[in-house]
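Chemist: Okay, here's the prediction I keep looking at, along with the sequence it came from:
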Amino acid sequence: MRRLYSGTIFATAAIALLAACADQAAPVGPAREPAPTPRLSAAAASLTNICHKTAGTKGYLLIAVAQSAVPAHLAHGDGFVGGPVPNQPDMVFDTHCAPVPATSGLTFAMVSAEGGHTCGVTTGGAAYCWGFNSFGELGDGTVSPRTSPVAVQGGLTFAAVSAGGGYTCGVTTSGAAYCWGENDNGQLGDGTTTGRTTPVLVLGGLTFAAVSAGGAHTCGVTAAGAAHCWGSNLFGELGDGTTTVRTSPAAVLGGLAFHAVSASALYHTCGVTAGGAAYCWGYNNGGQLGDGTMTDRTSPVPVSGGLTFAAVSAGGGHTCGVTTGGVAYCWGLNILGQLGDGTTIGRTSPVHVTGGLSFAAVSASGGFHTCGVTTGGAAYCWGNDDHGQLGDGATITIPVVGPGAVLGGLTFAAVSGAYYHTCGVTTAGAAYCWGRNDGGQLGDGSTTDRLTPVPVVP
């Protein structure tokens, strides 16, 4: 299972599933009855909160019950409530709905989650990583997994980092890009295919404003707005008009001035220009390029709809974005409700995320879920919830087709969705994670899955 988190092997395994799901993509049209707006009931402080998500299209509900009302056969000593829930065999309940206080220690400016690891940058520019480390993706000079943050070696001062599939990249405050971890497709950009357990400089002498690590390819935007990509290029995800692997940066065709780019966990890339136009390129088996087709593209094509985006996020087989007006849209594969439009119908052009929420940012995970932060700092997630990655206190095997609130009452600045886990940083600089934790990717010092946010421990 650990090996599946690497970019190449995971992508090979996942492509068969994505191909099998491709025929569920459909042109945008009238959606079926959308999921209702998530609703929360008031819960008295003296009561035990059971986080309960109802099945079907009934939305979400936070039920408050007295401790004495919890069935004895469901109670666990570890604070979780599980077992054979009557009429709801696919649910697991978690009584830890209240926010867990963050431990004093690291203050993060940002975090990035992907595959089986997570990385972040402190307000002082130091990079830390935690989780699986089979390829050196934590950058600490070892291949030992870590259940709490370890410092990335090299003494570099980072502005941001981006976790990819078995590797990580970052850009320093001076605009130099560095990468570390798996490098079988040249995704580290150092001109080789040699894996690295500590940061190596990306070749080319470019000054980057940002970089984005995908499954096995990486893209970045220079300070002048030019996009460059390197690594795997099986379906044209580098945007250079070819399907040739590149071990150092290659210019994306089209002469567009990008504000930001996002490399997916599989085989596509999207970006937003300085004027707010979204473009995508690469693999398009489920409509994830948003151009109204399912035709692969080796250079950028405009996302249909004429929307003005502030940002876009390329996931595994889907893409999401937020307009300058705070409206979230998604497109691509939708087998588990990851588009959030109230259906499981795939879309080849943008559809509106239900719920009437005003988003500041969204993150399309490398798997089958999506999360976002509203302008008020509340986190919401939708899609696949089989490991608690939606943060709603439950695991459910049916698609969650509309936004549901992440429990805990935390005020987030940003969130980042990985394949089976999600992390975020609060406005106070505290990092929290939830979902799958078999490699320590939640950073709480354990390998226990969490259904609601837990603080990353220093």
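Modeler: Perfect, thanks for sending it. Numbering: from 1, shown residues only.
Chemist: Surely A414 is within a helix?
Modeler: No: counting by DSSP: H, G, I helix; E, B strand; the rest coil, one finds A414 to be strand, located in no helix.
Chemist: and whichever helix or strand V150 is part of, which residues are buried?
Modeler: Assessed by DSSP states H and E, V150 sits inside strand 146-151. With burial defined by 16 or more other C-beta atoms under 10 Å, the residues of strand 146-151 counted as buried are 146-150. (Glycine included, C-beta is placed from N, CA and C.)
Chemist: what about C371, distance to G306?
Modeler: C371 sits 26 Å away from G306, going by C-beta to C-beta, to the nearest Å.
Chemist: my bad, should have said W230
Modeler: Distance from W230 to G306, by C-beta to C-beta: 31 Å.
Chemist: And these two? Which one has more around it.
Modeler: W230 (31 against 8; other C-beta atoms under 10 Å).
Chemist: what sits against that one?
Modeler: By C-beta atoms under 8 Å, 6 or more residues apart in numbering, the contact set of W230 is 186-187, 189, 202, 217-219, 238, 246-250.
Chemist: cool, and C381?
Modeler: C381 makes contact with 369-372, 389-392, 400, 403-404, 406, 415, 417, 422, according to C-beta under 8 Å, 6+ apart.
Chemist: ok, and it, which helix or strand is that part of?
Modeler: strand 379-385.
Chemist: For stretch 130-147, measure first residue to last.
Modeler: Criterion C-alpha to C-alpha, to the nearest Å; first-to-last residue distance in stretch 130-147 is 6 Å.
Chemist: try stretch 291-302
Modeler: Terminal residues of stretch 291-302 lie 6 Å apart, using C-alpha to C-alpha.
Chemist: Quick one: mean pLDDT for it?
Modeler: The average of the pLDDT scores along stretch 291-302 is 98.
Chemist: next one: stretch 430-447
Modeler: In the prediction, stretch 430-447 has an average pLDDT of 98.
Chemist: Check stretch 334-344 too.
Modeler: Average pLDDT, stretch 334-344: 98.
Chemist: Check the offset of that stretch from the chain's centre.
Modeler: Distance, stretch centre to chain centre, for stretch 334-344: 16 Å (C-alpha atoms, centre = their mean, to the nearest Å).
Chemist: Which elements pack onto the strand holding V150?
Modeler: strand 127-131 (3 or more C-beta pairs under 8 Å, 6 or more residues apart in numbering; DSSP states H and E).
Chemist: tell me the angle of the strand it packs on relative to strand 146-151?
Modeler: In terms of direction (axes from the mean of the first three to the mean of the last three C-alpha atoms, to 10 degrees), strand 127-131 departs from strand 146-151 by 170 degrees.
Chemist: Can you tell me what sits against strand 127-131?
Modeler: The contact list for strand 127-131 (C-beta under 8 Å, 6+ apart) reads 106, 116-122, 137-140, 145-152, 156, 158, 161, 163, 168, 170, 439-443, 456.
Chemist: What are the buried residues along that strand?
Modeler: Neighbour-count burial for strand 127-131, counted by 16+ other C-beta under 10 Å, picks out 127-131.
Chemist: Please identify which pair of those residues lies farthest apart.
Modeler: A127 and G131 (13.9 Å; C-beta to C-beta).
Chemist: quick revisit: quick check: of the buried residues of strand 146-151, which lies closest to G383?
Modeler: Set against G383, the nearest of those by C-beta to C-beta is T147 (26.0 Å).
Chemist: Identify the residues contacting that closest one.
Modeler: T147 neighbours (C-beta under 8 Å, 6+ apart): 130-131, 440, 443-447.
Chemist: Buried ones among these?
Modeler: Looks like the contacts of T147 have 130-131, 440, 443-445 buried, using 16+ other C-beta under 10 Å.
Chemist: picking up where we left off before, so which of the contacts of C381 are in strands?
Modeler: Using DSSP state E, 369-372, 400, 403-404, 415, 417, 422 are the members of the contacts of C381 that sit in strands.
Chemist: Could you work out the most separated pair of these?
Modeler: Spatial extent of those (C-beta to C-beta) is set by the pair V400 and V415 at 15.7 Å.
Chemist: between these two, who's got more neighbours?
Modeler: Each of V400 and V415 has its neighbours counted (other C-beta under 10 Å); V415 has more, 28 against 24.
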